[in-house]
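Participant: Okay, sequence plus prediction incoming.
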Amino acid sequence: MNAPITAAGSSTASFLRLSSIEITPKQVEKLPLLKDKLIPGCRVFVALIDAGDLDGQIEAVKQLKAAGFQPVPHVPARFVKDEADLRSRIKALADAGSDTMLVLGGGAPQPIGQYDAAIQLMQTGVFQANGVKSLGIAGHPEGNPDITKIHGEAVLLKALKEKQDYIKANGLDGFIATQFLFEAGPVTEWARGLRAAGIDLPIFVGIPGPATIKTLVKYAAMCGVGNSARFIRKQALNITKLLSVNTPDEFVAGLAQVHYGQPELGIAGPHLYPFGGFDKLFDWIAKVK
């Protein structure tokens, strides 16, 4: 059996102990592996990719809570029909054991109801009415192409500030979880800009676990990941490298340096995406010394 994520030696290994991880509702079947490899109380985010899979998300939250994890369900605004729907799902997720949720706009091209932005959900007051204590919001170190192409980067900064202000005004804890990317440099510069603008929520940085270049290119295209994907795309041009596995060693080491060396930037920990599978992810973590 490989060493669990609790193993820590170098600053990089210690930094990985601060990780959260993201799963889909169906991946809750990996719960025995997660219990073996993750520290008790680890935050496990439950994405909602399909608007029709809410029941699966609620069940995953219930199982994760019973297993000793802190479940963090995604609540995408574009998947919510109206306030009655929002009240129903937040109550169900809270009853299943979640007091921390990630509120985001969602990637659907068109909303299925009256909401299309995270702040609209937050301003209903439904979260705190159901005992939610902490709200996460999405961060985009390389921009959000759906927004920036039309409105520019300043709109993203303004939206983050508005959401932070709401979180603080209502006595909630808050954090930022970013899209995944591949280099520490863009994250550092982006975090510096947030701090200069008065946004001081802790940042958990999206990191793709070990995966083939082909898989990473696919997810990068789907998620609109920007400039830092250039080295992945460059490698993908070489057909012999397309099926080689890329590991995030350099990226995580760079973030660890920022976490310990520049604490004022608030890089709080890694948020792991197991694109290449859980076995590859945990095998890699076990080798980080």
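Facilitator: Alright, I've got the coordinates. Numbers count the residues shown, from 1 in each chain.
Participant: Show me what secondary structure element comes after the least confident helix or strand in the chain by mean pLDDT.
Facilitator: Lowest mean confidence among the helices and strands of the chain (mean pLDDT, DSSP states H and E): helix 145-151, at a mean of 47. The helix or strand immediately downstream of helix 145-151 is helix 153-169, counting by DSSP states H and E.
Participant: just checking, what packs against that next one?
Facilitator: Judged by 3 or more Cβ pairs under 8 Å, 6 or more residues apart in numbering; DSSP states H and E, helix 153-169 is in contact with helix 118-122, strand 134-139, helix 145-151, strand 173-180, helix 184-196. In short, each C-beta sits where N, CA and C put it, glycine included.
Participant: and residue 58, what element?
Facilitator: Element membership for residue 58, per DSSP H and E: helix 54-66.
Participant: which helices and strands sit right next to that helix?
Facilitator: Applying 3+ Cβ pairs under 8 Å, 6+ apart, one finds that helix 54-66 contacts strand 43-46, strand 70-76, helix 83-96.
Participant: Now find how far off-centre it is within its chain.
Facilitator: 18 Å (Cα atoms, centre = their mean, to the nearest Å).
Participant: got the angle between it and strand 70-76?
Facilitator: 160 degrees (axes from the mean of the first three to the mean of the last three Cα atoms, to 10 degrees).
Participant: got the angle between helix 54-66 and helix 83-96?
Facilitator: Computed with the same axes, to 10 degrees, the direction of helix 54-66 lies at 30 degrees from that of helix 83-96.
Participant: quick one: buried residues of helix 54-66?
Facilitator: Residues 54, 56, 57, 58, 60, 61, 62, 63, 64, 65 are the ones in helix 54-66 that count as buried (16 or more other Cβ atoms under 10 Å).
Participant: my guess is the fourth one meets residue 96, correct?
Facilitator: Yes. Counting by Cβ atoms under 8 Å, a contact exists between residue 58 and residue 96, whose distance comes to 5.1 Å.
Participant: buried ones in stretch 19-35?
Facilitator: In stretch 19-35, counting by 16+ other Cβ under 10 Å, buried: 19, 20, 21, 22, 23, 24, 25, 27, 28, 30, 31, 34.
Participant: For the first one, give me its contacts.
Facilitator: When the contact criterion is Cβ atoms under 8 Å, 6 or more residues apart in numbering, the partners of residue 19 are 5, 42, 269, 270, 271, 272.
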